[in-house]
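> compute the structure for the input listed below.
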Amino acid sequence: MDKEKLLESFDPNGIGLENGHFIGLPFEEEHAALVVLSIPWDVTVSYSDGTSTGPENILQVSTQLDLYDADFPNAWKKGIFMRPSPAKLLELNKQFREKAKKHIDFLESGGNTKVSSEQQSLVSEINEACHICKDFVYEQSLALLKKGKKVGLCGGSHATPLGFLKALSEVHNSFGILQFDAHMDLRNSYEDFELSHASIMHNALKINNISQLTQIGIRDYCDQEIDLATSIPDRISVFTDESIKRRCFEGESFKDIVHDIINTLPQKVYISFDIDGLDPKLCPNTGTPVPGGFEFQEAVYIIAELRKSGREIIGFDLNEVGGLGNEWDGNVGARVLYKLMLATL
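Sure, this is the predicted structure:
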């Protein structure tokens, strides 16, 4: 059945169908203008794990959403398909998360990897597994981009989109990143892990085609990260949660602040959305919650204003949503994901 016939037979006002598709939509991957990869990976998370099943949680809960969106009322008709989490990747994650936890326990008890050949071997093994995940994401996303699909990613930890960013850099000569996050994620590495969630933006900046990184909602970072950001102000712009709130407290409109944020970005923009950029009451079971952050409507307003500015959203990721058993986290995550999908179409 072609896309037009699928649309004719689908009732957008009906109940959410339990058909394994996002919001019960009728589209298969072949019909979809936008395909979202589910990447069940949280091997190197430094606090609470469980976000590896965040994509599956979102997919299950999504049938509770209504389709109509005031900003993008008919965008869904272009076709959306969210791939289920690959079983092999989920199993690999389970295996190496246990190994990563042992190493983190070793470090937190005062261990020194440099004097332990056993720990060095373990770290090497974990890093290799993380590169397998990155390469999988790169290959899958690049294949979809070459087919002319728009691509998004829904992952476990914020480490997951690096391969996708690499693929985008082979399609787009230059683009910027708008990062919603409580953390800067600019560490060289963290806990000896090269592809840590705490290093995603440090690693992303090694991709020359990424011309700008604009970070918003930031409220938890270390000296190394702020030093890097201030050393290249022509490439990194940081709007901390404190600075945004202070400007609002002192009389500036949120609209004006959002326009200042958008004005730092080039024509082509990738959105990287760590759910802990939101107030943790909206995502209590994310991996590293921090007090403060955006309200839901503030976040979706920023996304909508970015699109209204005439900029092209070339892709996105959503990460660190609480996993299966955390229905509220999945509910909020599904709504953020849907807004990102519609803004990208």
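
> give me the nearest residue to residue 16, chain neighbours excluded.
Distances taken as Cβ to Cβ, 6 or more residues apart in numbering put residue 63 closest to residue 16, at 3.0 Å, once the chain neighbours are dropped. Quick note: C-beta positions are derived from backbone N, CA and C, even for glycine.

> list the buried residues for stretch 114-123?
119, 122-123 (16 or more other Cβ atoms under 10 Å).

> please read the previous query as pertaining to stretch 188-199.
Residues 189-199 are the ones in stretch 188-199 that count as buried (16+ other Cβ under 10 Å).

> okay, how far is it across it, tip to tip?
When the termini of stretch 188-199 are compared using Cα to Cα, to the nearest Å, they are 6 Å apart.

> who touches it?
Residues outside stretch 188-199 that contact it (Cβ atoms under 8 Å, 6 or more residues apart in numbering): 42-46, 100, 103-104, 107, 113, 119, 123, 126-127, 130-131, 133-134, 157-159, 162, 183, 185-187, 202-203, 224, 287, 319-320.

> list buried residues within these.
By neighbour count, with 16+ other Cβ under 10 Å, the contacts of stretch 188-199 hold 42-46, 100, 103-104, 113, 119, 123, 126-127, 130, 133-134, 157-159, 162, 183, 185-187, 202-203, 287, 319-320 as buried.

> circling back: the residue nearest to residue 16 and residue 328: what is the separation?
Distance, residue 63 to residue 328, by Cβ to Cβ, to the nearest Å: 15 Å.

> what about these two, which has more around it?
Set side by side, residue 63 and residue 328 show more neighbours around residue 63, with 18 against 14, by other Cβ atoms under 10 Å.

> could you pull out the strands in the stretch 151-300 of the chain for me?
175-180, 210-218, 236-240, 268-274 (DSSP state E, counting those that start in this stretch).

> between those strands, which gets nearest to residue 25?
Using Cβ to Cβ as the criterion, the shortest distance between residue 25 and the strands of the stretch 151-300 of the chain is 20.8 Å, found for strand 268-274.
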